[in-house]
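> Sequence below, structure please.
(one chain, ligands or ions: 1)
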Amino acid sequence: MTAVNDSTVRDPDAWRADMVRALRDQDAITSEPVGAAFAAVPRHRFAPDTPLDIAYDLHRTVPVKKDEHGLDISVMSAAHLQAVMLEQADIEPGMKVLEIGSGGYNAALIQELVGSKGAVTTVDIDRDIVDRARRCLDDAGYDQVKTVLADGEAGVPDGAPYDRIIVTVAAWDIPPSWINELGEKGRLVVPLTVRGTTRSIAFDRDREGLVSHSYRLARFVPMQGEGAAKERKALLRDGVAVQTDDEGIPFNTKALNHALDTPRREFWSGAAYDLPDELELYLTVHLSSAARLHASKDIVDSGLVEASALLGVPALVSEDSIAYRTRRENEDTGGFESGVVAHGLQAEALADEYLKLLRRWAQDHRRRGAATIRFLPGPAPSTPPQNTVLKRHGVVTVSWH
Ligand SMILES: C[S@@+](CC[C@H](N)C(=O)[O-])C[C@H]1O[C@@H](n2cnc3c(N)ncnc32)[C@H](O)[C@@H]1O
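Residues are numbered from 1 along each chain as shown. Sure, this is the predicted structure:
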């Protein structure tokens, strides 16, 4: 008997209805207008060569273009993340919206949200992507969306001020144009990478710059062009790497690699481990010398590095020592307890600093959304305050209440 592929017999409308229902069930869609936009735009028309089950999968991206190493440089973003970001953006009918990073689908969703009296401009740095987005938008009946070929680092001055700017590519910084082109009561939604982790942050204006209204973990392809991230990555050995965007951090690749061969020390905090993304934000801005440790599955299976490093874990590094977070089951702390693995001559001192932070977070800040993230444009202060991450066009500060 020939197997029947479900995606060939079901109607795209049925796939779309299921997707919208699931996005609501998972609280990605929380408002009527965003639900109606997802129900209206035929997502599969923006991924014409993709089977319907993939095009309508909540969490899958659809590859559009890869670089010479086979890495994605353009994808149709996952529907779940698009819904979350559109909810963060709180778009109203009649608004003028700029999208940075095109594909067509998200711009069509935005067009549904702003309606016929609003205006949507989408800009991409890649001619193939702009041409493709244009074709898909016209084909799906969204010819009123304006497509622009340019480096989004400069925004799109022709059309400013915008009520909303939505960036759909991982940005390492916030260039002046995005703030200048934002209306007085505007909101910027941007997947901002801070110390190796990207969060979609909805920023509103405040007296000194931008202040977060909400933030959510997000994954995006990295920005190209003028605003591309400048990160240092060091391969310690096959399958183990450290990465940092902080120029003040010493990286002695040889000494750090050697440290991994010194006995591993374990330290336990007695504090609960949960809400890893919130804990991580706290750690990365408080650790005095923060990097990110990555390890491959083979390395983790070999026992050299803990599984926490599979997706990258905040690490505290010195010239020749390294400490990073781990966890173990512990009923007394409500499921898991956080701890530290450390290697090298300063293992104990690094672990001590790390443990204090794990305990302080668990005691005072263990809640979702407890942080306020600010972006202060302009030159960095000569003595930057604590919890500050320096960028090219300003500084990011994070506070907890
Ligand atoms: C995740 S895709 C955009 C997805 C899209 N918004 C959608 O509807 O699904 C990210 C896009 O950002 C673009 N991009 C990268 N750097 C850029 C830059 N500096 N300015 C404008 N676009 C950029 C890439 O070419 C890519 O097409």
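
> For the rest of this, base every contact and every neighbour count on C-alpha atoms.
Noted.

> Leaving out the residues flanking it, which one is nearest to V190?
Nearest non-adjacent residue to V190, counting by CA to CA, 6 or more residues apart in numbering: V167, 4.9 Å away.

> Go ahead and confirm W400 touches A371.
Yes. W400 lies in contact with A371 (CA atoms under 8 Å); the separation is 4.7 Å.

> Which one of those two is surrounded by more residues?
The neighbour count for W400 versus A371, taken as other CA atoms under 10 Å, is higher for A371 (19 against 12).

> which of the residues in the top strand by length along the chain are buried?
In the chain, assigned by DSSP state E, the strand with the most residues is strand 182-194. Within strand 182-194, the residues that count as buried by 16 or more other CA atoms under 10 Å are 182-183, 186-194.

> C-terminal to it, what's the next element?
strand 197-206 (DSSP states H and E).

> circling back: for the residue nearest to V190, the count of nearby residues, please.
Neighbour tally, V167, other CA under 10 Å: 24.

> Surely it is in contact with E99?
Yes. Using CA under 8 Å, V167 is in contact with E99, at 5.8 Å.

> Might you enumerate the residues of the chain proximal to the ligand?
For the chain, the residues in contact with the ligand (CA under 6 Å from any ligand atom) are 73-77, 100-106, 123-126, 129, 151-153, 168-169, 220-221, 223-225.

> Mind splitting this structure into its structural domains?
Per automatic domain parsing, the structural domains of the chain span 6-227, 232-364, 371-400.

> Mean pLDDT for those - can I get that in TSV?
Below are the domains of the chain laid out as TSV (pLDDT from 0 to 100):
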stretch	mean pLDDT
domain 6-227	96
domain 232-364	94
domain 371-400	89
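
> Longest helix of this protein, counting residues only.
helix 347-364 (DSSP state H).

> need the helices for the stretch 251-400 of the chain, in chain order.
In the stretch 251-400 of the chain, the helices defined using DSSP state H, counting those that start in this stretch lie at 253-261, 276-286, 297-302, 347-364.

> Ok, the stretch 1-150 of the chain next?
Taking DSSP H, counting those that start in this stretch as the criterion, the stretch 1-150 of the chain carries its helices at 6-9, 12-25, 32-40, 52-55, 79-89, 105-114, 127-139.

> Please identify the deepest-packed of the ones you listed.
Among these, the stretch with the highest mean neighbour count (mean count of other CA atoms under 10 Å) is helix 105-114, at a mean of 26.

> which helices and strands sit right next to the longest helix of the chain?
On a contact count with 3 or more CA pairs under 8 Å, 6 or more residues apart in numbering; DSSP states H and E, helix 347-364 meets strand 265-272, helix 276-286, strand 313-317, strand 322-330, strand 335-343.

> Pull the residues that contact the third one.
Counting by CA atoms under 8 Å, 6 or more residues apart in numbering, strand 313-317 makes contact with 249-250, 280, 283-284, 287-294, 322-325, 350, 354, all of which sit outside it.

> Mind listing the residues bridging to the residue nearest to A202 when sequence neighbours are not counted?
Using CA to CA, 6+ apart and skipping residues adjacent in sequence, the residue nearest A202 is V189, 4.3 Å away. When bridges are called by DSSP bridges, V189 pairs up with I166, A202.

> How much space separates V189 from G183?
Per CA to CA, to the nearest Å, V189 is found 13 Å from G183.

> got any residues that touch both of those two?
Joint contacts of V189 and G183 (CA under 8 Å, 6+ apart) are R164.

> Can you dump the C-alpha atoms of stretch 135-152 in PDB for me?
Only the C-alpha atoms of stretch 135-152 are listed here, as PDB (Å, rounded to 0.1, in the frame of the first residue of the first chain):
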ATOM      1  CA  ARG A 135       7.200  38.100  -5.700                       C
ATOM      2  CA  CYS A 136       5.600  36.400  -2.700                       C
ATOM      3  CA  LEU A 137       3.900  39.500  -1.400                       C
ATOM      4  CA  ASP A 138       2.400  40.300  -4.900                       C
ATOM      5  CA  ASP A 139       1.400  36.700  -5.300                       C
ATOM      6  CA  ALA A 140      -0.400  36.600  -2.000                       C
ATOM      7  CA  GLY A 141      -2.100  40.000  -2.600                       C
ATOM      8  CA  TYR A 142       0.000  42.300  -0.400                       C
ATOM      9  CA  ASP A 143       1.200  44.600  -3.100                       C
ATOM     10  CA  GLN A 144       0.800  47.600  -0.800                       C
ATOM     11  CA  VAL A 145       3.900  46.500   1.300                       C
ATOM     12  CA  LYS A 146       6.900  48.500   0.300                       C
ATOM     13  CA  THR A 147      10.200  46.500  -0.200                       C
ATOM     14  CA  VAL A 148      13.500  48.200   0.000                       C
ATOM     15  CA  LEU A 149      17.100  46.900  -0.800                       C
ATOM     16  CA  ALA A 150      19.500  48.500   1.700                       C
ATOM     17  CA  ASP A 151      21.600  47.800   4.900                       C
ATOM     18  CA  GLY A 152      19.000  48.100   7.600                       C
END
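
> what about it, distance to the chain center?
25 Å (CA atoms, centre = their mean, to the nearest Å).

> now do stretch 359-376
That offset, for stretch 359-376, works out to 18 Å (CA atoms, centre = their mean).

> So for it, what gets flagged as buried?
Applying 16+ other CA under 10 Å to stretch 359-376 flags 359, 361-362, 365-366, 371, 373-376 as buried.

> Brilliant, that's me finished.
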